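Q: here's my sequence, what's the structure:
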Amino acid sequence: MTGYKDRQDEWLKVTGLKLSNARLSKVLPWMSDCVHPTGFDHTRVYYSPEHKIHILITEPYHTATEALSSLKKLSKCAGGGCFDYAFGGKNRGLWNPGECWSLLVAKTGTKKYLDFLAYSLHKT
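A: Next comes the predicted model:
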């Protein structure tokens with residue numbers, strides 16, 4: 001069984017993504033760096049040099065739909081714009097595949113790319 005770092009390194013190699021120290025607001029400018037959506041857990045920002053965009057991934061335990069619902073509510077309250085998202089498949093992820101469900105988020109117009117990134121997550 002592989003660990004988080006191995007799964008992350010594999011994903012970065014397959015996708016061309018880079019680690020980023022950017023805040024969540026780099027992905028969604030309306031998002032507060034102090035208030036995270038309910039359900040966010042195991043959260044990280046990555047950067048795609050090819051597409052010149054930041055991607056947020058969060059892997060809450062059991063379900064990512066609650067995190068997405070909370071994110072949508074925060075967006076509406078903040079007057080934020082739309083965003084695209086994709087869910088990782090069953091047993092695909094970086095932190096705890098099988099127990100955590102991946103939610104990937106980026107600016108609008110990136111749905112196909114997010115679907116590719118979600119599919120490319122490590123499968124156990």
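Q: alpha carbons only for contacts and neighbour counts from here, please
A: OK.
Q: could I get the full set of strands for the protein?
A: For the chain, the strands defined by DSSP state E cover 18-19, 43-48, 53-58, 83-87, 103-107.
Q: pull up the pairing partners for the first one, direction included.
A: The reference is to strand 18-19. The strands beside strand 18-19 in its sheet (DSSP bridges) come out as strand 43-48 (antiparallel).
Q: ok, now the last one?
A: Here the strand partners of strand 103-107, with direction, are listed using DSSP bridges: strand 53-58 (antiparallel), strand 83-87 (antiparallel).
Q: circling back: next, format the strands of the chain as CSV and append distance to residue 35, mean neighbour count and mean pLDDT.
A: Shown next, in CSV, are those (distance: least, C-alpha to C-alpha, whole Å; neighbours: other C-alpha atoms under 10 Å; pLDDT from 0 to 100):
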stretch, distance to residue 35, mean neighbour count, mean pLDDT
strand 18-19, 22, 15, 98
strand 43-48, 13, 18, 96
strand 53-58, 15, 23, 96
strand 83-87, 18, 20, 94
strand 103-107, 16, 23, 95
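Q: how about CSV for those, with distance to residue 95 added?
A: Listed next are the strands of the chain as CSV, based on distance: least, C-alpha to C-alpha, whole Å:
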stretch, distance to residue 95
strand 18-19, 15
strand 43-48, 9
strand 53-58, 9
strand 83-87, 15
strand 103-107, 12
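Q: out of these, which comes closest to residue 115?
A: strand 83-87 (5.6 Å; C-alpha to C-alpha).
Q: buried stuff in the longest helix seen in the chain?
A: Longest helix in the chain, counting residues (DSSP state H): helix 65-78. The neighbour-count check on helix 65-78 (16 or more other C-alpha atoms under 10 Å) flags 67-68, 70-72, 74-75 as buried.
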